[in-house]
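*Asks:* here are the coordinates; sequence isn't available:
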């Protein structure tokens, strides 16, 4: 996590471990992402987090025990976890007390004995404090207090504000979250609800998400919620939760989830997770986020217009593109947002709200100085990570591919990309190579123009048609919606 937090350094980093191992070296303090060099850490791979967290909304206090199961990818003399602001009470590695130090966002752990390469190890961190929200990309994110609890959502930084973590999408893991909250409150997280147990004045909600998940997608949202249970056609459990004050608008929107998932399955392949659903809370966030199995939506998007359905389509598409198939580096964010935006175009096309071609043409008619063209989405830079061009020009890149290779090859590429890379991490270069292999075409120049060329690219095939008033009118509401969502940094 590349966050500047004033944390006192404790412990002696240079002191040798009690049992030295030949060739053991410290794990890197970052995963080496070009945009966020200190996000994540090196030297190990996490397989599972057990997060036992108690939160009291009245005081804002959090007490946690994180049990982290990992495997060393090198001989480790010490390793880092990402943690912001909270107080660490103790750390054990394989049941033995470890020395710790804090430096900015880094929790530096020196085990009593160095860890051999390939060796599995378990780290237990006990910690507490008052998690604070972040001001990220123009708004609040992370652990955001509400009038009845907290909503936990943000991208790319959120996880380290409430638990110690290897905070980069390249180290995905399974999660079990035990969330203890005052009796009467609801504790929401990812995956399936295993149990709900009340003892005295507190209730513990236990959630299990067995499929690999990037850390920024984990939530621990607390508050007063109306919870609804249903199932997808294949029996997958669906859990929706809405602030009671928002129940009317939330129920209308969340009711679309099963049909939206069924629609996506036709284009992207089987739903990749063992649970589904959504959360709508009255919180000071202006975005929606694709939290794995349970997206979080701001009520800002549910205005009663016909376009509100698109935020459900978008965030559920992320379950395939962003959650199951995840980034290797943040510069390739268009692989998440461009794909999810194009899913909206497919939904509109299917439901006679304008074809993907008419949407593409309406956007293409935009002035060359319009923000949909700048910066190019293949390398937008940190300030524009969630800029309009990443969404719109990213989706246009996919439609330019469709126009170039034809529908049969395009939809084979779309579904194959999602299924072949299920639960993995990918890059733009890999997508280009995959599209070339499936289509049998050299597509390098096409992707260069649409992802990296400054300014407005040439029309993909032939000449751009004039956009008729009827086409413009048919897509007007949707175009407004897309700009609204991108302007709000909806992810």
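*Replies:* Happy to help now that I have it. Keep in mind it's a predicted model, so treat the numbers as computed, not measured.
*Asks:* Quick one: low-confidence residue ranges for the protein.
*Replies:* Within the chain, the stretches with pLDDT under 70 are 1-20, 470-491.
*Asks:* ok, for the residue nearest the centre of it, nearest residue in space, not its chain neighbours?
*Replies:* Taking Cα atoms, centre = their mean, the centroid of the chain lies closest to residue 217, which sits 4.3 Å from it. Distances taken as Cβ to Cβ, 6 or more residues apart in numbering place residue 292 nearest to residue 217, at 4.2 Å, with adjacent residues excluded. For the C-beta atoms, the positions are set from N, CA and C on the backbone; glycine is no exception.
*Asks:* got the contact list for that neighbour?
*Replies:* 190, 191, 209, 211, 213, 214, 217, 218, 273, 319, 323 (Cβ atoms under 8 Å, 6 or more residues apart in numbering).
*Asks:* Where helices are concerned, which of those count?
*Replies:* Residues of these located in helices (DSSP state H): none.
*Asks:* between those, which is nearest residue 348?
*Replies:* Nearest to residue 348 among those is residue 319, at 19.2 Å by Cβ to Cβ.
*Asks:* Around residue 351, how many other residues sit close by?
*Replies:* Residue 351 is flanked by 12 other residues according to other Cβ atoms under 10 Å.
*Asks:* rewinding a little: are any of the contacts of residue 292 buried, and if so which?
*Replies:* 190, 191, 209, 211, 213, 214, 217, 218, 273, 319, 323 (16 or more other Cβ atoms under 10 Å).
*Asks:* Reformat these as a markdown table; add distance to residue 260.
*Replies:* Shown next, in a markdown table, are these (distance: Cβ to Cβ, whole Å):
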| residue | distance to residue 260 |
| --- | --- |
| 190 | 18 |
| 191 | 19 |
| 209 | 20 |
| 211 | 19 |
| 213 | 20 |
| 214 | 22 |
| 217 | 18 |
| 218 | 22 |
| 273 | 14 |
| 319 | 10 |
| 323 | 15 |
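*Asks:* picking that back up, quick check, the residue nearest to the centre of the chain in contact with residue 295.
*Replies:* No: here residue 217 lies out of contact with residue 295, judged by Cβ atoms under 8 Å, at a distance of 9.4 Å.
*Asks:* joint contacts of those two?
*Replies:* residue 289.
*Asks:* beta partners for residue 144?
*Replies:* Assessed by DSSP bridges, residue 144 has beta-bridge partners residue 151.
*Asks:* Ok, residue 125 next?
*Replies:* residue 66, residue 91.
*Asks:* Please list all residues in contact with it.
*Replies:* 64, 65, 66, 68, 81, 83, 88, 90, 91, 107, 164.
*Asks:* same thing but 7 Å
*Replies:* Residue 125 sits next to 66, 88, 91, 164 when contact means Cβ atoms under 7 Å, 6 or more residues apart in numbering.
*Asks:* what does residue 69 give?
*Replies:* 46, 47, 48, 120, 122.
*Asks:* One more pass at 6 Å, please.
*Replies:* Going by Cβ atoms under 6 Å, 6 or more residues apart in numbering, residue 69 touches 47, 48, 122.
*Asks:* what about residue 236, distance to residue 191?
*Replies:* To residue 191, residue 236 is 11 Å away according to Cβ to Cβ, to the nearest Å.
*Asks:* What residues sit buried inside the host helix or strand of residue 240?
*Replies:* According to DSSP states H and E, residue 240 maps onto strand 237-242. Taking 16+ other Cβ under 10 Å as the neighbour-count basis, strand 237-242 is seen to contain the buried residues 237, 238, 239, 240, 241, 242.
*Asks:* now those as JSON lines including distance to residue 436?
*Replies:* Listed next are those as JSON lines, based on distance: Cβ to Cβ, whole Å:
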{"residue": "237", "distance to residue 436": "39"}
{"residue": "238", "distance to residue 436": "38"}
{"residue": "239", "distance to residue 436": "41"}
{"residue": "240", "distance to residue 436": "41"}
{"residue": "241", "distance to residue 436": "43"}
{"residue": "242", "distance to residue 436": "44"}
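*Asks:* neighbour-wise, which of the contacts of residue 125 leads?
*Replies:* Going by other Cβ under 10 Å, residue 164 tops the contacts of residue 125 with 25 neighbours.
*Asks:* re the thing from before, I'd like the contacts of residue 69 laid out as a markdown table, including neighbour count.
*Replies:* As requested, those are exported to a markdown table (neighbours: other Cβ atoms under 10 Å):
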| residue | neighbour count |
| --- | --- |
| 47 | 15 |
| 48 | 15 |
| 122 | 14 |
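*Asks:* Compile those into TSV and extend it with columns for distance to residue 459 and secondary structure.
*Replies:* Below are the contacts of residue 69 laid out as TSV (distance: Cβ to Cβ, whole Å; DSSP: H, G, I helix; E, B strand; the rest coil):
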residue	distance to residue 459	secondary structure
47	48	strand
48	49	strand
122	57	strand
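*Asks:* which among those gets closest to residue 331?
*Replies:* residue 47 (26.8 Å).
*Asks:* picking up where we left off before, partner strands of the strand holding residue 240, parallel or antiparallel?
*Replies:* With DSSP bridges as the test, strand 237-242 pairs up with strand 226-231 (antiparallel), strand 276-280 (parallel).
*Asks:* and the angle for the following helix or strand past that strand with strand 226-231?
*Replies:* The element immediately downstream of strand 237-242 (helix or strand, assigned by DSSP H and E) is helix 247-254. Taking axes from the mean of the first three to the mean of the last three Cα atoms, to 10 degrees, helix 247-254 and strand 226-231 form an angle of 20 degrees between their directions.
*Asks:* Now the element after helix 247-254, going C-ward?
*Replies:* Taking DSSP H and E, what comes next after helix 247-254 is helix 257-268.
*Asks:* I appreciate the help and will end here.
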